[in-house]
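**Q** The following comprises the amino acid sequence and a computationally predicted model.
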Amino acid sequence: MNNEDIPILKPTFRGLVQEACYTNQLLNRYSGIPTIEALPPIRSAEEAAKLLAHSPERQPNGQNLPPEYRMHLIMDAVHFFEPLAVHIDLEQRISRVIRDGYIGRNPLARDHWHQVDQRVETILNAGGIPVRTSNVIGFSIIGMPGTGKTTGVERILLTYPQVIHHQLHGSQPFSRTQLVWLKLTCPHDGSIKGLCLDFFREVDGILGTHHYRDFAGEGHRTVDELIPNMCRVAWIHCLGLLVVDEIQHLNSAKSGGAERMLNFFLQLMNTLGVPIILIGTYGAMEVLSRELRQIRRNCGQGDLIWDRMANDEMWRHFAESLWRYQYTQNLVPLTQELSDALYYLSAGIIDFAVKIFLLAQIRAISTGSEKITPGTLESVANDSLRSAQPILHAIRTGNMRAVATMTDLHPIDFQSAVQQIRKARLIQTLPRGSQIVSDINTAATAPKVLDASGPTAGPGNNTPVPASQASNPVTKRRRGKQTASSSKCLLVQIANAGLAKNMSAHDALTEAGVIKHLFPIQGSPS
């Protein structure tokens, strides 16, 4: 492959591009620095909240539309964003670190280009020990998956232009393309080379440059060659902030890999003057606490622990905002019981709460109940959060030692959950008069084939309540009502009903109209 043939990949996450528009600075320390004067003004908490919020307009009388249309409307809940206190805190931190990092890198300074040679030389001669030439600061964000860390950071980054084109500053010619922020994902193998190559690819995709071709040499350069070249590119384009997500991948790095990578971050931040934000799950806590002591001693921002929400007024505010995107025909107000049930089932994790709310609506629409109840919330949570129950139980009981040992928490497979719920509508299409349909209700007493999902709790299905769920606000009102559980899978129910009549599963499914023959059997109706 020729150098000219190297493709410019589309960046995975990008922001706006705009021409520079300079504003007078109230703080003298920021005056005369074009890379700061071209940034949006410093925002108050109220201004930041208004800018971050996103509330899709609810379609009037949308609950009266046919079911297939309403299942599109409920997706608005996925796209709404309600700023919380942690988002305002993070917005102000990012505002400070970007500006503070630019103070020592004024591109109008006479020695600006000489400085980059000196700083890169410092990195090359450091021998792996970071040499401090600036007071720039960064911080890390640690929390469990699904709490909104990445979403929150990305939403804040998008309030800043990513690229600013400069032509003239005052009466002084100033031609420069400023890269305000760049977000990367830590390579799965925790390699510095992989991160450097991703850096060049992303910059080229955003700016249309050919730095990968010029500085990475089609990926054949060594790490010792890539690091100074990466620093030069960051300096040329006045990089204001580097965000590295999924930092927990350092745990799986080869021996010494985590230390080398974090040492590299420290070099870039302290020597070149580019602030860095590291984002990761609790799986990164051990590495960060072991290797980032120097950063933390020099970091005035403090690390941000992004925990799950507490069941307080902020949770109620979030739940009320979410509840507006309700499109069942029977609209129900958000009662304290519903709020507590949603909190308990999601453990205060935003991603789970939103998806449980959506899936509960899909189940209510699919079954014809057209109403969200605590039982509906619990039934979809039991179906879709089955693999997450151990860690959710540890969170609810405050067993943080157990939580710390769990390096990840997989989010709901939303599409699979939707398909599972909508299978329940299959029963409505079965031929009327089929004996199998009438036998489904009594299938619980028949010999069982493999139950694909286990017991469920929901409207009309009272299940035994384990002692571990005694504090569950949904199940505690149903104590003492114990009945045999039946499978939630319709196909299993049909097969069980057939077994009760000494029929094979295949024959039962065929009689129910689920299995169709490709060619009509001789003597049967076509």
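**A** That came through fine.
**Q** C-alpha from now on. contacts and neighbour counts both.
**A** Will do.
**Q** May I have the beta-bridge partners of the closest residue to residue 207 other than its chain neighbours?
**A** Of all residues not flanking residue 207 in the chain, residue 163 sits nearest, at 7.9 Å (CA to CA, 6 or more residues apart in numbering). Taking DSSP bridges as the rule, residue 163 bridges to residue 17, residue 179.
**Q** hang on, residue 508 packs against residue 493?
**A** No. In this structure, residue 508 is not within contact of residue 493 by CA atoms under 8 Å, at 10.1 Å.
**Q** And the two? Which one has more around it.
**A** Counted by other CA atoms under 10 Å, residue 508 and residue 493 do not tie: residue 493 has more neighbours, with 26 against 23.
**Q** any idea how far the more buried one is from residue 379?
**A** Distance from residue 493 to residue 379, counting by CA to CA, to the nearest Å: 17 Å.
**Q** The helix or strand of the chain with the lowest mean pLDDT: what's the following helix or strand?
**A** When the helices and strands of the chain are scored by mean pLDDT, DSSP states H and E, helix 293-297 comes last with a mean of 48. For helix 293-297, the succeeding helix or strand toward the C-terminus, using DSSP states H and E, is strand 304-305.
**Q** Sheet partners, orientation included, of that following strand?
**A** Strand 304-305 has the following sheet partners, assigned by DSSP bridges: strand 139-142 (parallel).
**Q** Next SSE downstream of the strand it pairs with?
**A** Toward the C-terminus from strand 139-142 - assigned by DSSP H and E - lies helix 149-157.
**Q** Show me what that next one is packed up against.
**A** helix 85-103 (3 or more CA pairs under 8 Å, 6 or more residues apart in numbering; DSSP states H and E).
**Q** residues of the helix it packs on that come out buried?
**A** Across helix 85-103, burial judged by 16 or more other CA atoms under 10 Å covers 87-88, 90-92, 94-95, 97-103.
**Q** CA atoms of the next helix or strand after it as PDB?
**A** The helix or strand immediately downstream of helix 85-103 is helix 112-124, counting by DSSP H and E. C-alpha atoms of helix 112-124 as PDB (Å, rounded to 0.1, in the frame of the first residue of the first chain):
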ATOM      1  CA  HIS A 112       6.100  28.900  20.900                       C
ATOM      2  CA  TRP A 113       7.700  26.600  18.200                       C
ATOM      3  CA  HIS A 114      11.000  26.500  20.100                       C
ATOM      4  CA  GLN A 115       9.100  25.300  23.200                       C
ATOM      5  CA  VAL A 116       7.700  22.200  21.400                       C
ATOM      6  CA  ASP A 117      11.300  21.000  20.500                       C
ATOM      7  CA  GLN A 118      12.400  21.500  24.100                       C
ATOM      8  CA  ARG A 119       9.400  19.700  25.600                       C
ATOM      9  CA  VAL A 120       9.700  16.700  23.200                       C
ATOM     10  CA  GLU A 121      13.400  16.500  23.900                       C
ATOM     11  CA  THR A 122      12.500  16.500  27.600                       C
ATOM     12  CA  ILE A 123      10.300  13.500  27.100                       C
ATOM     13  CA  LEU A 124      12.900  11.600  25.000                       C
END
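**Q** Not counting helix 112-124 itself, show me its contacts.
**A** Applying CA atoms under 8 Å, 6 or more residues apart in numbering, the contact partners of helix 112-124 are 105, 106, 130, 131, 224, 228, 231, 232, 235, 267, 271, 272.
**Q** Specify the local secondary structure of residue 244.
**A** strand (DSSP: H, G, I helix; E, B strand; the rest coil).
**Q** wait, what's in contact with it?
**A** 183, 184, 185, 186, 276, 277, 278, 279.
**Q** Next one, pLDDT for it please.
**A** Reading off the confidence values, residue 244 has pLDDT 93.
**Q** again, but for residue 487
**A** Residue 487 is given a pLDDT of 52.
**Q** for residue 125, same thing?
**A** pLDDT recorded at residue 125 is 70.
**Q** and residue 174, that one's in a helix?
**A** No. Assessed with three-state DSSP, residue 174 is strand; it does not lie in a helix.
**Q** Check whether it really touches residue 166, as I assumed.
**A** Yes. The pair residue 174 and residue 166 passes the contact test of CA under 8 Å, sitting 6.2 Å apart.
**Q** of the two, who's got more company?
**A** Each of residue 174 and residue 166 has its neighbours counted (other CA under 10 Å); residue 166 has more, 20 against 15.
**Q** From residue 237, how far out is residue 122?
**A** Here the distance between residue 122 and residue 237 works out to 20 Å (CA to CA).
**Q** got it, and residue 53?
**A** Remark: distance between residue 53 and residue 237 (CA to CA) = 30 Å.
**Q** Same check on residue 95?
**A** Look at residue 95 and residue 237: by CA to CA, they are 19 Å apart.
**Q** Same check on residue 64?
**A** Taking CA to CA, one finds residue 64 at 53 Å from residue 237.
**Q** Looking at these two, which is more packed in?
**A** Each of residue 64 and residue 237 has its neighbours counted (other CA under 10 Å); residue 237 has more, 18 against 13.
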